[in-house]
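S.K.: Any chance you can model this:
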Amino acid sequence: MVRKLGHKVRISEGPGEVACTNFYLDDQEWTLLTALPARVLRKRRHLVHRDGSLVAIDEYEDGTLIAEIDDGEQPSTFVPDWLDVLDDVTDDEAWTGARLAR
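M.R.: Numbering: from 1, shown residues only. Below is the predicted model of the structure:
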């Protein structure tokens, strides 16, 4: 299990450009951190390699699934045929980590 504390800062308006910093925590640091009052958001990340594509699928505790396709420096417009997309939430602030934790 990977435990990390993440911090994201917007570089421009909207969620399109974000600088990320992650601190990976050992068991002692994790125990100390979880003793603090906080809103907790837990997810399990699944990496799916299929037909030459890599898709990260985040599974949240309530069963919500969010797929992410990373094309490096450019936003991805490619969606594999095998991926059923109900809504594109790329630019929807309601689907950012902070909002999901609320």
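S.K.: Quick check: residue 53 touching residue 80?
M.R.: Yes - under the criterion of Cβ atoms under 8 Å, residue 53 is in contact with residue 80, at a separation of 4.9 Å. In this view, the C-beta of every residue, glycine as well, is placed from N, C-alpha and C.
S.K.: Now for those two: what residues contact both?
M.R.: residue 69 (Cβ atoms under 8 Å, 6 or more residues apart in numbering).
S.K.: buried stuff in the lowest-mean-pLDDT helix or strand in the chain?
M.R.: Considering only helices and strands, the least confidently modelled element of the chain by mean pLDDT, DSSP states H and E is helix 97-101, at a mean of 78. Of the residues in helix 97-101, those scored as buried under the neighbour-count criterion (16 or more other Cβ atoms under 10 Å) are residue 100.
S.K.: Pretty sure residue 40 sits against residue 102.
M.R.: No - in this structure residue 40 lies outside contact range of residue 102 using Cβ under 8 Å: 11.2 Å.
S.K.: about what we covered before: what sits up against the least confident helix or strand of the chain?
M.R.: Residues outside helix 97-101 that contact it (Cβ under 8 Å, 6+ apart): 6, 8, 39-41, 60, 93.
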